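Undergrad: Need a 3D model of the following:
(2 chains)
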2 protein chains.
Amino acid sequence: MQDSVPPAVARSAIRVPARLPIVLDRSSGLPLPAQLAAALREAIDATTLRPGEHVPATRELARRLGISRGVVVSAYEQLIAEGYLAAVHGRGTQVNPELPAAQPAAARTAAVPSGPAATGEASARAELRDPDRRTAAPLAPGVPITDTVVGPAWRAAWRAAAARVDAMAPPLGAPELRTEIADHLRRMRATARDPRDVLVTAGTRDGLGLLLTALGGAGGREIVVGVEDPGLPSLRGVVSRYGARVVALPADEHGLDTARLPDGVLDVVIVTPSHQYPLGGSLPLPRRRELLAWARRTGVVIVEDDYDSELRYTGSPLPTLAALDDPVGGTVVLLGTFSRTVAPALSAGYLLAPEGLRSLIEPVRRELGGPVSSTVQAALAAYLASGELRRHTARMLRRYAARRDAVSERLVGASALRVRPMDGGLHAVLEFTAGGASRQDAVLARTRAEGLGAEALGNYWQRSDAGDGMSGLVIGMGGSDDGEFDRALVRLRAILDGR
Amino acid sequence: MQDSVPPAVARSAIRVPARLPIVLDRSSGLPLPAQLAAALREAIDATTLRPGEHVPATRELARRLGISRGVVVSAYEQLIAEGYLAAVHGRGTQVNPELPAAQPAAARTAAVPSGPAATGEASARAELRDPDRRTAAPLAPGVPITDTVVGPAWRAAWRAAAARVDAMAPPLGAPELRTEIADHLRRMRATARDPRDVLVTAGTRDGLGLLLTALGGAGGREIVVGVEDPGLPSLRGVVSRYGARVVALPADEHGLDTARLPDGVLDVVIVTPSHQYPLGGSLPLPRRRELLAWARRTGVVIVEDDYDSELRYTGSPLPTLAALDDPVGGTVVLLGTFSRTVAPALSAGYLLAPEGLRSLIEPVRRELGGPVSSTVQAALAAYLASGELRRHTARMLRRYAARRDAVSERLVGASALRVRPMDGGLHAVLEFTAGGASRQDAVLARTRAEGLGAEALGNYWQRSDAGDGMSGLVIGMGGSDDGEFDRALVRLRAILDGR
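TA: Next up, the predicted model:
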């Protein structure tokens, strides 16, 4: 720190806005160093202070703010530890020059929960530094439009939920939420089941982990899980983390190829019957029946990943596989989520299981504890009861349909590219009809460089010999405002055209 | 249903309050059957309608409310499915006579997250039926006093949090919450660490599961976990559920006996150095040093279960083991929780790990997803930043100290009973100096029958040959109002006196 430099010189040298927007409140209960650190963090996040810029010398800032120099030293040390600031030997303290300047570029390296996972220390650092990390890149798959979730019903639901603190959250879920979810499944998914069959989860991955833990038991026997290929890479990762073995099962645009199911190998099969991910097809009824008959015969548990079926813009959603299953001795565990209809950040979903499987799952949940705060559960129950989730979903459907049209319009006539038909959901698949994997790599390098957030279609296949040579892009249609989305499409078109 | 019975006869026969408090709102968006079911559920929960009482015939209730009979039939069917109502052949529909009438008796069967787990179908049914299940029995261990959590700062924190919906929650935790938790650890636990070392969890069990998953890796190697004996049965259960093997390590009233640690067997050791559970001692400094040196030598990971150290009513809390550890290459993973300082129902806690272990844990968390809603994280960060958690904790400390005194006063002179000294926390240990296990069983049968919620001290030992013959009770000092707590103590004294 440059405390030996006289204040007048320092002020001209540091090139910092003469008046940083720092307001300290001695009556707030928060210690002054924490308040000062928060104000500086905010100024850096808002780019009032930019990477590489010097901050005032500790002595000078203390004088300006009328506080002791120790407070400033303490705040600077905190921000250096956090990576916001960097001490430069002999040249004072500056905003860390390595801080990502453009937010989309920083967001790009973040792990998108439902797309192929991006991990590593770089994103860990970005995550703590960049408060805007939680807004995704404009074409990142799996991110819904969230800009109109907050409204009177949403606020009222949370206000009511925060007016009470329960001592303990029931591990299987709050009764009123389980009842509302059962109602939601009946209305939106034509699946009429007892609220007792519903367990509240922190989302699809939590539900899957709970099931795998229950099936694994204490003995540590290896569970073998079949997944659709192509399919969601993140679910394959979850299966592996729980110590289970992944087996790729061939799927086509209609979903799982039920004629090629191996006997005697699998414990669990994960399917997306309502909307195959990523190709978008719906599992035809004969295959559904074949799958259920096979599961009954072999004792295999079917996990129905019902990730976005509420968001269908043509026709009405198909009923679930679970609706065809026996609610007592059945084999289908449905995993539902509010991450597409509300937001992944809500971290809430549900698991629907027949009684027999519930008797395995429930003791595990009681022992491990429910992960969802009772405040979240109360708010979500009130939000569902108000009918606002249905209205919000209907509004979002119109917006996704309009964005889907925008994708077609912006990309029409692009060379050797096919926008695959899609009945719903919040992603689109752009298939290259020529150019193959090398074109896919080249395009992806550019979309990444520009922070657009698209994913390579080829990455959704697990078997290296599979994919029928399919290449292209999977793009998301949520996660940003309409103008930003359209600008991202225009950029994407330019990249596809080689401009 | 008794629709063939004329309304006048039915009305006199059904012995139901003439005017049920049912208000239906056609403009609410919620369908009428769901509204009616909710109103009846509420009436049953409030015991306006009692188990065994008949509800009005569908036709009569439809006429009274001016709605179609189909609405009533649908609501009744729903409530029959949920277990609130029961159809009696030829005698209409009544409130399920098997519904638990007295709430404490129902709560008694519920799984208390931090006491020995009570499981089974009975509590599953109670959980869905009984909205008061989430208030615990008055002497159940592990349940804090929650009646003054809700206040202006609490409401303001949630209001601010609900004003924004993030698309994605950062899986390691919201940066502002990680920073606040680091600050909390520095102030309350004399543990100064970088916010990057803090990961947000859904609580102690979630943090432990995350660590075990990270250590297990995809290979499925069996992890061996040493636990204090006596110690928390629920943590032993979590370890087993994650496929790890539990080894009991002898502990005394000062904590883990570090002179008797086996070499070459263990991967992880879970300790409660600040406040041995349940006996209450603090691990002496020589043992702390011995444990850390042993862990460094053997590469064993030490899990510091820091479950209630903020709640210490004499002296200042001891620093954590983590504070003695190396923040880069260290071996201590601290698990903290807001379940004692706020409520278990918040489902929020944290994990503090040195950089080396973080590099194993973080990729797992990214892949499995963070379980804590970004709304909860934002609210908790604001609540911590307001300083209100510290003020609340200070208030609660005074109340627990007063309750601790009440325990001594109410039980003074009870025959062959010693109230073990305790420096803090929200439980008390009542040791029988005569009578042994048979007295313990007899007393416990009575406390259970009266729904008091105490636990058997003997249950905290895992080795059947251990415990030095200790018997007695572990009682909680939270979870109910002051009057109810005192009445529970009076009842307990009567039971101990054999009255």
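
Undergrad: so how far is B:Ser373 from the residue of the stretch 301-450 of chain A found nearest chain B?
TA: Across the stretch 301-450 of chain A, the shortest distance to chain B (C-beta to the nearest C-beta) belongs to A:Gly387, at 2.9 Å. Yep, even glycine has a C-beta here, placed from its N, CA and C like the rest. Computed as C-beta to C-beta, to the nearest Å, the A:Gly387 to B:Ser373 distance reads 22 Å.

Undergrad: Also A:Gly66?
TA: In terms of C-beta to C-beta, A:Gly66 sits 40 Å off from B:Ser373.

Undergrad: These two: who's more crowded?
TA: For A:Gly66 and B:Ser373, the more surrounded residue by other C-beta atoms under 10 Å in any protein chain shown is B:Ser373, and the numbers stand at 30 against 7.

Undergrad: I'd like the distance between that one and A:Val342.
TA: Separation of B:Ser373 from A:Val342 (C-beta to C-beta) stands at 10 Å.

Undergrad: Which strands or helices does the helix of greatest length in chain A pack on?
TA: Identified as the longest helix of chain A according to DSSP state H is helix A:388-411. Packing partners of helix A:388-411 (3 or more C-beta pairs under 8 Å, 6 or more residues apart in numbering or on different chains; DSSP states H and E): helix A:152-162, helix A:175-189, strand A:417-419, strand A:427-432, helix A:482-496.

Undergrad: I'd like the distance from the third one to the chain centre, please.
TA: Shown here is strand A:417-419, whose average C-alpha point lies 26 Å from the average C-alpha point of the whole chain (C-alpha atoms, centre = their mean, to the nearest Å).

Undergrad: can you check the last one too?
TA: When distances are taken as C-alpha atoms, centre = their mean, helix A:482-496 is centred 22 Å away from the chain's centroid.

Undergrad: Specify the angle between it and strand A:427-432 in degrees.
TA: Put simply, helix A:482-496 runs at 10 degrees to strand A:427-432, going by axes from the mean of the first three to the mean of the last three C-alpha atoms, to 10 degrees.

Undergrad: Please point out which parts of helix A:482-496 sit buried.
TA: Residues A:Phe485, A:Asp486, A:Ala488, A:Leu489, A:Arg491, A:Leu492, A:Arg493, A:Ile495, A:Leu496 are the ones in helix A:482-496 that count as buried (16 or more other C-beta atoms under 10 Å in any protein chain shown).

Undergrad: so what's the backbone phi/psi at A:Gly226?
TA: phi -90, psi 130 (degrees, to the nearest 10).

Undergrad: pLDDT value on the residue of the stretch 301-450 of chain A closest to chain B, please?
TA: On pLDDT, A:Gly387 comes in at 95.

Undergrad: Also the one 3 residues further on?
TA: For A:Arg390, the pLDDT comes out at 93.

Undergrad: can you pull the contacts of the residue nearest to A:Arg159 when sequence neighbours are not counted?
TA: Leaving out its chain neighbours, the residue that sits closest to A:Arg159 by C-beta to C-beta, 6 or more residues apart in numbering or on different chains is B:Arg159, at 6.8 Å. By C-beta atoms under 8 Å, 6 or more residues apart in numbering or on different chains, the residues touching B:Arg159 are A:Arg155, A:Trp158, A:Arg159, A:Ala162.

Undergrad: For those residues, could you give me TSV that also reports distance to B:Ala378 and pLDDT?
TA: Conversion of those to TSV gives the following (distance: C-beta to C-beta, whole Å; pLDDT from 0 to 100):
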residue	distance to B:Ala378	pLDDT
A:Arg155	14	96
A:Trp158	11	97
A:Arg159	15	96
A:Ala162	12	96
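
Undergrad: which of these are buried?
TA: Counted by 16+ other C-beta under 10 Å, these give A:Trp158, A:Ala162 as buried.

Undergrad: quick one: which two of the contacts of B:Arg159 are the most distant?
TA: The largest separation in the contacts of B:Arg159, counting by C-beta to C-beta, is between A:Arg155 and A:Ala162 at 10.5 Å.

Undergrad: joint contacts of those two?
TA: B:Arg159, B:Ala162.

Undergrad: on that earlier part again, which residues touch the longest helix of chain A?
TA: By C-beta under 8 Å, 6+ apart, helix A:388-411 touches A:144-145, A:148-149, A:151, A:153-154, A:157, A:184, A:187-188, A:310-313, A:338, A:341-342, A:383, A:417, A:419, A:422, A:424-426, A:428, A:430, A:475, A:477-478, A:482, A:485-486, A:489-490, A:492-493, A:496, B:29.

Undergrad: ranges for the helices of the stretch 101-250 of chain A?
TA: A:103-108, A:121-129, A:152-162, A:175-189, A:204-216, A:233-241 (DSSP state H, counting those that start in this stretch).

Undergrad: Do a quick rundown of the helices in the stretch 301-450 of chain A.
TA: A:355-368, A:374-385, A:388-411, A:436-449.

Undergrad: Assess the claim that A:Val265 and A:Val224 are in contact.
TA: Yes - A:Val265 is in contact with A:Val224 according to C-beta atoms under 8 Å; the separation is 6.0 Å.

Undergrad: So between these two, which is more surrounded?
TA: Neighbours were tallied for A:Val265 and for A:Val224 using other C-beta under 10 Å; the higher tally belongs to A:Val224 (17 against 12).

Undergrad: and that one, what are its bridge partners?
TA: Bridge pairing for A:Val224 (DSSP bridges) gives the partners A:Arg245.

Undergrad: Quick one: residues contacting it.
TA: By C-beta under 8 Å, 6+ apart, the contact list for A:Val224 reads A:Ala244, A:Arg245, A:Val247, A:Val265, A:Leu266, A:Asp267, A:Val268.

Undergrad: follow-up on the earlier one: and the residue nearest to A:Arg159, how far from A:Ala160?
TA: 12 Å.

Undergrad: for A:Glu450, same thing?
TA: On the measure of C-beta to C-beta, A:Glu450 and A:Ala160 end up 43 Å apart.

Undergrad: Next: A:Gly52.
TA: 47 Å.

Undergrad: between A:Glu450 and A:Ala160, which one's more packed in?
TA: Neighbours per residue (other C-beta under 10 Å) separate A:Glu450 from A:Ala160, with A:Glu450 holding more: 21 against 15.

Undergrad: what's around A:Thr447, how many residues?
TA: 23.

Undergrad: Great, nothing more from me.
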